[in-house]
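> Next one to model:
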Amino acid sequence: MAFKATDISQELRPITNCDNIPNDSEDSNLSETSDFEFLSTQNNDLDFNETDESEEENINNEKEIVRRKMVWKICLTNLPLIIPKWKGEIPTVDKVKKPMDYFNIYLNELIPLIVYESNLYVIQSRLYWATNTRQAKVADVMTLNRWEQIKSFIHINDNDKFIPLGSEGHDPLHKIRPLITLTNNILKSLSIGENICVDEQIIPYKGMSRLKQYNPQKPQKWGYKAFLLCGDDGLLHNFEVYSGKILPAEGLPDVGASGNAVLRLFSYIPQQINYKLFFDNWLCSPNLLVVLAQRGIFFVATVRGNRLPNINFPTDKELKKRRGFFV
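This next block holds a predicted model:
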């Protein structure tokens, strides 16, 4: 790797000194405490070497260079850029669907579910006033007609299947679990392109709920947290609402909470198709990258230094000490 500083006040010249640097050269031994030698402004190449006995002359040249604006460029040698070809394909259609067409697909399955569960809930609630199953603590306080007038019967899941908190198999999202499953099945059926992204999002809510999260870095700081899988076409293809511990995806190893969130969203995607996945440093970890590589999924991500074992990165304060510092 070679570096070049170009004075943008003059005509830009091509980089001609991008030769291979020997392993035993001074450039290969640079550290964050190394000093640099600044060459004369008549030569626009800026080499990173230790200072020698001409330090006084170089300091004067340094002041002259600092006054000018420099554009740093990195020249990589012997590292050909290989971008794997995507093996998937987006099916062709005779007619492009309108947004309302996609919404109708969702409603055609959602409405029957709500009607069925709401009717079931009505029957279950009326048992408190029935002759054989009457509950005095309820029936003596309020009439059935008054109860039906107050209570909304919109319901999505069967209360008889609810598992109490603390018991094995408890689902904090039991009330809306069929809605989430139905929605995800529809989203997964949509065609997905080569470039996809995983990120988290806050669904605004300030009411009383133990699932409510606070994230000061989000535009909406209070609400439910969800992990989303989206394509570069702007469509949502899968999502999960955060409800506590993030378990590993079925048939995949445990790579930590953040990595599990990515694999759970991505588990239905075909392998070895060379999809390109993008995500941020909260989701990135070496164990996750290994699993993605094994499944033929390429990725671009930022990474936190404390997640890389046996590697000590300089702090942000140290990186800002010198211009052009890199790791």
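> show me where pLDDT drops low in the stretch 51-200 of the chain?
Residues of the stretch 51-200 of the chain meeting the criterion pLDDT under 70: 51-81, 122-123, 152-153.
> Run through the strands of it in chain order.
70-75, 195-204 (DSSP state E, counting those that start in this stretch).
> Please report the distance of Val300 from Leu292.
Going from Val300 to Leu292 by CB to CB, to the nearest Å gives 11 Å. Quick note: C-beta positions are derived from backbone N, CA and C, even for glycine.
> anything in contact with each of the two?
Common contact partners of Val300 and Leu292 (CB atoms under 8 Å, 6 or more residues apart in numbering): Leu277.
> neighbour count winner among the two?
Between Val300 and Leu292, counted using other CB atoms under 10 Å, Leu292 has the larger neighbour count: 21 against 11.
> quick one: what helix or strand has the more buried one in it?
helix 286-294 (DSSP states H and E).
> list the helices and strands the very next helix or strand once past that helix packs on?
Note on helix 286-294: by DSSP H and E, the next helix or strand toward the C-terminus is strand 297-301. Secondary-structure packing of strand 297-301 (3 or more CB pairs under 8 Å, 6 or more residues apart in numbering; DSSP states H and E): strand 275-279, helix 286-294.
> mind checking which of those is nearest Gly169?
helix 286-294 (26.6 Å; CB to CB).
> Same list (the helices and strands packed on strand 297-301) but as a markdown table, adding distance to Leu110.
Putting those into a markdown table (distance: least, CB to CB, whole Å) gives the following:
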| stretch | distance to Leu110 |
| --- | --- |
| strand 275-279 | 29 |
| helix 286-294 | 33 |
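> who wins for proximity to Leu263 among the ones you listed?
When these are compared by CB to CB, helix 286-294 sits nearest Leu263, at 6.5 Å.
> Check which helices and strands the closest one is in contact with.
Checking 3+ CB pairs under 8 Å, 6+ apart, helix 286-294 ends up next to helix 257-266, strand 297-301.
> hmm, 10 Å instead?
Applying 3 or more CB pairs under 10 Å, 6 or more residues apart in numbering; DSSP states H and E, we find helix 286-294 packed against helix 257-266, strand 275-279, strand 297-301.
> after the last one comes which helix or strand?
To tie it back to what came earlier, the one meant is strand 297-301. Downstream of strand 297-301 (by DSSP H and E), the next one is helix 316-319.
> burial measure for Val138, as a count.
Neighbours of Val138 using other CB under 10 Å come to 14.
> contacting residues around it?
When contacts are counted by CB atoms under 10 Å, 6 or more residues apart in numbering, Val138 touches Ser125, Leu127, Tyr128, Trp129, Leu144, Trp147.
> What is the nearest of those residues to Tyr224?
Ser125 (27.2 Å).
> Just the buried subset of the contacts of Val138, please.
Buried subset of those (neighbour count, 16 or more other CB atoms under 10 Å): Ser125, Tyr128, Trp129, Trp147.
> Tyr102 versus the first one, what's the distance?
When distance is defined by CB to CB, Ser125 is 35 Å away from Tyr102.
> Check the third one too.
Applying CB to CB, one obtains 43 Å for the distance of Trp129 from Tyr102.
> phi, psi of Phe162?
phi -70, psi 130 (degrees, to the nearest 10).
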